[in-house]
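*Asks:* Pasting the sequence and the predicted model now:
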Amino acid sequence: MALHFERSEFDARRDRLMIELAERKLDAILLFAQESMYWLTGYDTFGFCFFQCLVVKADGSMTLLTRSADLRQARNTSIIENVVLWTDREGANPAIDLRNLLNELDLLGARIGVEYDTHGLTAYNGRRLDEQLQTFGQIADASGIVGRLRLFKSPAEILKVEKAAALSDDALDAALPLIKQGGDEAAILAAMQGTVLAGGGDYPANEFIVGSGPDALLCRYKAGRRKLNKNDQLTLEWAGVFHHYHAPMMCTALTGKASKRHQELFEAAQAALLAIEKTLTPDNTFGDVFDAHARTMEAHGLTRHRLNACGYSVGARFAPSWMDMPMFYQGNQEPIAPNMTLFAHVIIMDSETETAMTLGRTYLTTESQARSLSRHDLDLIVK
């Protein structure tokens, strides 16, 4: 099988989930998030765009309900032994198949948790699920249970993120010679993604961001490419990815000569990221991290140009986004703890002067100061 962890690793994850189910008095949990299934079993697919569910009982037994297209996918990539198929057909309602499966698993009248908050369960399918389960048992929202377990990385997972971070650095190295007057965004993007894949990495859970000129102020990918001018700005956000574990980075690079405004914004971004770094310790919360960022932006007179979040947890994620919870935003009381892999970014978008500046990298938290997983420094890139 194409497993990326030892069986003992999966057994330890299952045991952690069983403890959570016992504490919450749940007889079973219905998992719909692909990253939950991957973390727990190794199951690797993009088939979550259709209805599928991993049923995990309190005794640790697991049964996957999926389509025929994913039967061999589950057999080859996961430790799941019991796979049940629902049939594609006109008028099919896989929620009925799931209810029948739960009945066969002796869960009628049981207390069942449902992982609602995920792209793997659309509102349409969620409504069909509720219709079938409303009289079946005691249904509870179990969103976030596995997500929080995934927040704390094992030594084996940390190795994956470190490899992803090395690929992220390699991608930047590949891009740097192409960032120049006449440089093509398409060539830069191809070099970065190609470097990750050639290094044994994977596709990211969302597209790399590449935008220059006015589009350097965008925080999302968009279609269309342009070539760099003599004096230009290029915002890049990308991630090295290894066995689906992500290590994002972000920067705004310049061609020609740095303007006075670019220099001002860079100094603020650098100061803010360093303030964030100092706050990534176990005596602080995710909200404290954002506050350190916000204070620095305010001190530089940039409050109206900053965003309302400055990073998030990262790990093994699937489309449509590599962003994981929790996030760095105001008031988030989630404590910083050792063995978290966190992407911290500073994004400054001055629409009045059409000036962009960004800076970000992935960190591993420890018992004391967090460790950057990038070998690159925080200098302004001017080519």
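*Replies:* Structure's in. What do you need?
*Asks:* just so I have it, where are all the strands in the stretch 101-250 of the chain?
*Replies:* 111-114, 138-141, 209-212, 232-242, 245-255 (DSSP state E, counting those that start in this stretch).
*Asks:* Quick check: buried residues in stretch 318-336?
*Replies:* 318, 322-329, 332, 334, 336 (16 or more other C-beta atoms under 10 Å). Glycine gets a C-beta too; all of them are placed from N, C-alpha and C.
*Asks:* go on, stretch 291-300?
*Replies:* 291-294, 296-297, 300.
*Asks:* give me phi/psi at the spatially most central residue of the chain?
*Replies:* Centroid-nearest residue in the chain: Trp322, 2.7 Å away (criterion: C-alpha atoms, centre = their mean). Backbone torsions for Trp322, taken as degrees, to the nearest 10, come to phi -90, psi 0.
*Asks:* what do you get for the one 4 residues further on?
*Replies:* Here is the backbone geometry of Pro326 (degrees, to the nearest 10): phi -80, psi 170.
*Asks:* so how far is Pro155 from Pro282?
*Replies:* Distance, Pro282 to Pro155, using C-beta to C-beta, to the nearest Å: 18 Å.
*Asks:* mind checking how far stretch 262-274 is from the chain centre?
*Replies:* Averaging C-alpha positions (C-alpha atoms, centre = their mean, to the nearest Å) puts stretch 262-274 25 Å from its chain's average.
*Asks:* Please apply the same query to stretch 144-154.
*Replies:* Put simply, stretch 144-154 sits 12 Å off its chain's centre (C-alpha atoms, centre = their mean).
*Asks:* do the same with stretch 169-186
*Replies:* Taking the mean of its C-alpha atoms, stretch 169-186 sits 24 Å from the chain's own mean (C-alpha atoms, centre = their mean).
*Asks:* Can I get it as PDB, trimmed to CA atoms?
*Replies:* C-alpha atoms of stretch 169-186 as PDB (Å, rounded to 0.1, in the frame of the first residue of the first chain):
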ATOM      1  CA  ASP A 169      12.800  27.400  -0.400                       C
ATOM      2  CA  ASP A 170      13.900  25.600  -3.600                       C
ATOM      3  CA  ALA A 171      10.900  27.100  -5.400                       C
ATOM      4  CA  LEU A 172      12.000  30.600  -4.400                       C
ATOM      5  CA  ASP A 173      15.500  29.800  -5.600                       C
ATOM      6  CA  ALA A 174      14.100  28.800  -8.900                       C
ATOM      7  CA  ALA A 175      12.100  32.000  -9.200                       C
ATOM      8  CA  LEU A 176      14.700  34.600  -8.300                       C
ATOM      9  CA  PRO A 177      16.700  34.500 -11.600                       C
ATOM     10  CA  LEU A 178      13.400  35.100 -13.500                       C
ATOM     11  CA  ILE A 179      12.400  38.100 -11.500                       C
ATOM     12  CA  LYS A 180      13.700  40.900 -13.800                       C
ATOM     13  CA  GLN A 181      12.600  43.400 -16.400                       C
ATOM     14  CA  GLY A 182      10.800  41.400 -19.100                       C
ATOM     15  CA  GLY A 183      10.400  38.400 -16.700                       C
ATOM     16  CA  ASP A 184       7.200  36.400 -17.400                       C
ATOM     17  CA  GLU A 185       4.800  35.600 -14.600                       C
ATOM     18  CA  ALA A 186       4.100  32.300 -16.400                       C
END
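*Asks:* number of nearby residues for the closest residue in space to Glu6 that isn't next to it in sequence?
*Replies:* Spatial nearest neighbour of Glu6, excluding adjacent residues (C-beta to C-beta, 6 or more residues apart in numbering): Ala156 at 7.3 Å. Using other C-beta atoms under 10 Å, Ala156 has 13 neighbouring residues.
*Asks:* In contact with Ala156: list those residues for me.
*Replies:* The contact partners of Ala156, taken as C-beta atoms under 8 Å, 6 or more residues apart in numbering, are 5-6, 9.
*Asks:* can we see that at 10 Å?
*Replies:* When contacts are counted by C-beta atoms under 10 Å, 6 or more residues apart in numbering, Ala156 touches 4-6, 8-9, 12.
*Asks:* And these, which is closest to Asn76?
*Replies:* Asn76 has its nearest neighbour among the contacts of Ala156 in His4, at 12.4 Å by C-beta to C-beta.
*Asks:* Provide a list of residues in contact with the nearest residue to that closest one once chain neighbours are set aside.
*Replies:* Closest residue to His4 apart from its sequence neighbours, by C-beta to C-beta, 6+ apart: His243 at 4.4 Å. His243 makes contact with 4-5, 38, 42, 44, 157, 159-161, 163-164, 200-202, 316, according to C-beta under 10 Å, 6+ apart.
*Asks:* Neighbour-wise, give me the winner out of those.
*Replies:* Ala164 (31 neighbours).
*Asks:* my guess is that residue meets Arg317, correct?
*Replies:* No: taking contacts as C-beta atoms under 10 Å, Ala164 lies outside contact range of Arg317: 11.2 Å.
*Asks:* which neighbours do these two share?
*Replies:* Common contact partners of Ala164 and Arg317 (C-beta under 10 Å, 6+ apart): 204, 239, 241, 244-246.
*Asks:* Output these as CSV; include the columns pLDDT, neighbour count and distance to Lys180.
*Replies:* As requested, the shared contacts of Ala164 and Arg317 are exported to CSV (pLDDT from 0 to 100; neighbours: other C-beta atoms under 10 Å; distance: C-beta to C-beta, whole Å):
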residue, pLDDT, neighbour count, distance to Lys180
Pro204, 98, 21, 25
Ala239, 98, 28, 24
Val241, 98, 28, 27
His244, 98, 23, 33
Tyr245, 98, 27, 32
His246, 98, 31, 28
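*Asks:* pLDDT below threshold where in this protein?
*Replies:* Low-confidence regions of the chain, defined by pLDDT under 70, span residues 1.
*Asks:* Good, we can wrap up now.
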